[in-house]
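>>> structure for the following, please:
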Amino acid sequence: MTQQSLQDKIDTIGNPVDMLRNAPQGPYQFPIKSEFSNWRDEQEAWRKTAVLFDQSYHMTDHYFEGPDVKRMLSDLAINSFKTFGRDKAKQFIVCNPDGYVIGDAILFGLEEDKVSIVNRPVAGNWVQYHAETQGYNVEGLKDERALDNTGARKGYRLEVQGPNAWNILEEINGGPITGFKFFGMGEINIAGRKVRALRHGMAGAAGLELFGPYAEKAEIVAAILEAGENHGLLEAGAKTYSTVAHESGWIPSPLAAISSGDAMRAYREWLPADGFEGTSSLGGSMVSETIDDYYLTPWDLGYGHILKFDHDFVGRSALEAMKDRPHRKKMTLVWEPEDVVRVFSSLFNDGDRYKFMDVPASHYATYPYDAVMKNGRQVGISCYPIYTSNYRRWISLCMIDEDVANEGEDLTVLWGEPSGGSQKPAVEIHVQTEMRATVTQCPISDQARESYKQWAA
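Next comes the predicted model:
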């Protein structure tokens, strides 16, 4: 029997919006222990001391190797590849021919002709499609995330972050760690092994993402925990990990711009119906019958500085045509505490209740898109609302029109789905309500914002 494709599934349902909005899939899963201590202390350790995140299970690793690797990546990504090579990494963004984002990931330069693409599988799948169908001299290997993997993971991935992270890592290393530029890679010593690492700093302080063969994971973790004991290091569970991107100003997963248009039809026919793209769910108060209304540009996601027209790539002409138009700006929304309390208090009402806000991350779909309003008109999209103990507030990331993207601007978020909610099992019967929210900078952390500027320079 021929495997059903994503295109077959869309044709059967009739509208990709209906497919996504009523998909039974809930929020993206992080298959690790939910809490090691408690998520409040774990969140605060990320800002005050240090945390160890275990990223070994929730992301897909796509490996590509061969003489055409760099050419293939350059043909697909909006990034420049002039200086890319071994021990270099970058935020990797791919668009469809109309200039809308398919996905993003972290690209690791493992060797001059070997890379890995790490994140949710969307960007990697697009690259894999081209590797298989467009004649590139490249071989690909896909190490599925744990939830889709029938065997063991090939590698582990650990992250040590926080103000004390570098001291911990140097103690493990047995001396100073030098030669790591921001988003550069190298090696450090852990438990008698050479361990490859990527430098970044989601908490606004220098940290490392460590990776290697899965069989070595247990001893690497043990060494990190032993060294971190006197530095306030905490292991962080899934609840905390589901909130960290938002304080750092990174939108974890834009809806892939693949579900419409003749130019993307062959790709939809290549993708399986039961793959990530075909089973993901779309939730929130932003509702349109046209899937294109959910598509995002690189500027919407804050990637305008990454977009380089120094090479030919899929979507270049469309992006050149729209570069001088007004663009939405990525900002942070701080939700009004009184309105959040009002939503929680409705749990004790006999009548109508509002959409439940799970703590600390109120994500009930793979792609949570809520409408941001100003004087009765939609001015943008809010996504991934979370509670952060570091600011004692609910916040969300947003992509809003330039005329309202001002620090201190008062907006509202329409919370909950229309007509009592969609068919998603995670959505109970509820009524919509407006949540007052104030615009602030992105990332919300002054330290993170300034650190990113310095490192980028």
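
>>> which ones are touching the residue nearest the centre of the chain?
Nearest residue to the geometric centre of the chain (Cα atoms, centre = their mean): P252, 1.8 Å. By Cβ atoms under 8 Å, 6 or more residues apart in numbering, the residues touching P252 are 28, 120, 245, 384. For the C-beta atoms, the positions are set from N, CA and C on the backbone; glycine is no exception.

>>> what two of those are the furthest from one another?
Spanning the widest gap among the contacts of P252 are R120 and Y384, at 13.3 Å by Cβ to Cβ.

>>> pLDDT on stretch 387-404, on average?
Averaged over stretch 387-404, pLDDT sits at 97.

>>> try stretch 211-230
Rounded mean pLDDT across stretch 211-230 is 96.

>>> what is the helix or strand hosting A266 packed up against?
Assigned by DSSP states H and E, A266 belongs to helix 265-270. Counting contacts by 3 or more Cβ pairs under 8 Å, 6 or more residues apart in numbering; DSSP states H and E, helix 265-270 is packed against helix 6-13, helix 122-133.

>>> buried residues of that helix, list them for me.
Using 16 or more other Cβ atoms under 10 Å as the test for burial, helix 265-270 gives 267-268, 270.

>>> give me the residues contacting that helix.
Helix 265-270 has contacts (Cβ under 8 Å, 6+ apart) with 5-7, 10, 126, 129, 132-133, 258-259.

>>> can you rerun that using 10 Å?
Helix 265-270 has contacts (Cβ atoms under 10 Å, 6 or more residues apart in numbering) with 5-11, 16, 96, 102, 125-126, 128-130, 132-133, 256, 258-261, 277-278.

>>> and these, which are buried?
By 16+ other Cβ under 10 Å, the contacts of helix 265-270 give 5-10, 16, 96, 102, 125-126, 128-130, 256, 258-261, 277-278 as buried.

>>> report the residue ranges of every domain in the chain.
The record assigns the chain these domain ranges, following automatic domain parsing: 39-58+152-236, 329-456.

>>> which one of these lies nearest to A318?
domain 329-456 (18.4 Å).

>>> any idea how far that closest one is from the middle of the chain?
Taking Cα atoms, centre = their mean, to the nearest Å, one finds domain 329-456 lying 17 Å from the centre of the chain it belongs to.

>>> how much space separates T83 from W394?
T83 sits 40 Å away from W394, going by Cβ to Cβ, to the nearest Å.

>>> quick one: average pLDDT of stretch 9-17?
The predicted model assigns stretch 9-17 a mean pLDDT of 97.

>>> how about stretch 46-61?
Stretch 46-61 comes out at a mean pLDDT of 94.

>>> how about the strands in the stretch 251-400 of the chain?
282-283, 329-335, 367-368, 370-374, 377-388, 393-400 (DSSP state E, counting those that start in this stretch).

>>> nearest to A222, out of those strands?
strand 377-388 (29.7 Å).

>>> pull the contacting residues for I117.
59-64, 73, 92, 94, 103-108, 123-128, 140, 142.

>>> I misspoke; the intended subject was I306.
Applying Cβ under 10 Å, 6+ apart, we find I306 in contact with 77-80, 90-93, 104, 298.
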